[in-house]
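# sequence unknown, structure follows:
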């Protein structure tokens with residue numbers, strides 16, 4: 001039986017470049033009744049623990065290291081014994097939030113994580129952040145995109161460590177090549193599909209946001 005996907009929304013703040021904003025984050029839990037992984041431990045470790053409902057947490061996967069996506073990671077790791085996994089290119093961002101704590105393992109493009117018999121393939125998709133990754137689960141027909149791709153366009157690239165041409169290349173090469181019916185589960189806001197977003201690539205480039 002394939003893993004299932006559980007979803008919760010946690011609230012807090014995002015801070016970078018001297019500004020702070022209120023945000024709601026999607027936290028995705030992939031697994032079965034026995035074990036799971038968490039994608040982006042945002043804001044509230046107690047709420048994530050409650051959603052895990054006693055399941056063994058095998059890993060905390062960070063799609064990138066902005067503070068709203070990794071703030072709860074060390075506390076959740078301490079409570080569960082799970083390893084925190086991050087692409088090494090995001091270490092400088094990680095250190096801004098957790099200067100005294102190092103992730104437990106690295107993510108790499110093409111790496112496969114397996115949970116509850118279901119594979120999730122790591123796609124390195126820089127642009128929103130240098131070490132941003134997405135997780136593609138073909139058996140579940142979904143991709144977890146963090147802040148790389150949203151309903152309506154790419155993630156923001158107006159702050160430090162980000163680059164608009166890079167995120168467009170990442171989306172074009174790594175995401176829009178997935179099957180059109182693939183559900184895009186984002187770091188904030190509503191889900192979408194690859195097929196719904198693909199036709200708008202040139203529009204995004206023209207808009208340049």
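That came in fine, so what should we check first? Since we're looking at a predicted model, the values are computed, not measured. Numbers count the residues shown, from 1 in each chain.
# so for stretch 67-76, what's the average pLDDT?
For stretch 67-76, the mean per-residue pLDDT is 98.
# start to end distance for it?
From its first residue to its last, stretch 67-76 covers 14 Å (CA to CA, to the nearest Å).
# Flag every buried residue along stretch 16-35.
Neighbour-count burial for stretch 16-35 flags 16, 23, 25, 26, 27, 28, 29, 30, 31, 35 (criterion: 16 or more other CB atoms under 10 Å). No exception for glycine: its C-beta is placed from N, CA and C like everyone else's.
# ok now that stretch, how far from the chain's centre?
Stretch 16-35 has its average C-alpha position 8 Å from the chain's average C-alpha position, going by CA atoms, centre = their mean, to the nearest Å.
# and what of stretch 101-113?
Its chain's C-alpha centre lies 13 Å from the corresponding centre of stretch 101-113 when counted by CA atoms, centre = their mean.
# Check which residues of that stretch are buried.
The neighbour-count criterion (16+ other CB under 10 Å) identifies 101, 103, 107, 111, 113 as the buried residues of stretch 101-113.
# from the residues you listed, which is closest to residue 158?
When the buried residues of stretch 101-113 are ranked by distance to residue 158 (CB to CB), residue 107 comes first, at 24.8 Å.
# Do I have it right that the closest one meets residue 120?
No. With contacts counted by CB atoms under 8 Å, residue 107 stays clear of residue 120, the gap being 10.6 Å.
# can you give me the end-to-end distance of stretch 27-38?
7 Å.
# make that stretch 192-207, sorry
Start to finish, the residues bounding stretch 192-207 are 20 Å apart (CA to CA).
# Would you convert the buried residues of stretch 16-35 into a markdown table that also reports secondary structure?
Formatted as a markdown table, the buried residues of stretch 16-35 follow (DSSP: H, G, I helix; E, B strand; the rest coil):
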| residue | secondary structure |
| --- | --- |
| 16 | strand |
| 23 | strand |
| 25 | strand |
| 26 | strand |
| 27 | strand |
| 28 | strand |
| 29 | strand |
| 30 | strand |
| 31 | strand |
| 35 | strand |
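# farthest pair in those?
The two members of those with the most space between them (CB to CB) are 16 and 35, at 33.4 Å.
# Validate this expectation: residue 145 resides in a helix.
No. Counting by three-state DSSP, one finds residue 145 to be strand, located in no helix.
# okay, now it: neighbour count?
By other CB atoms under 10 Å, the residues close to residue 145 number 30.
# I appreciate the help and will end here.
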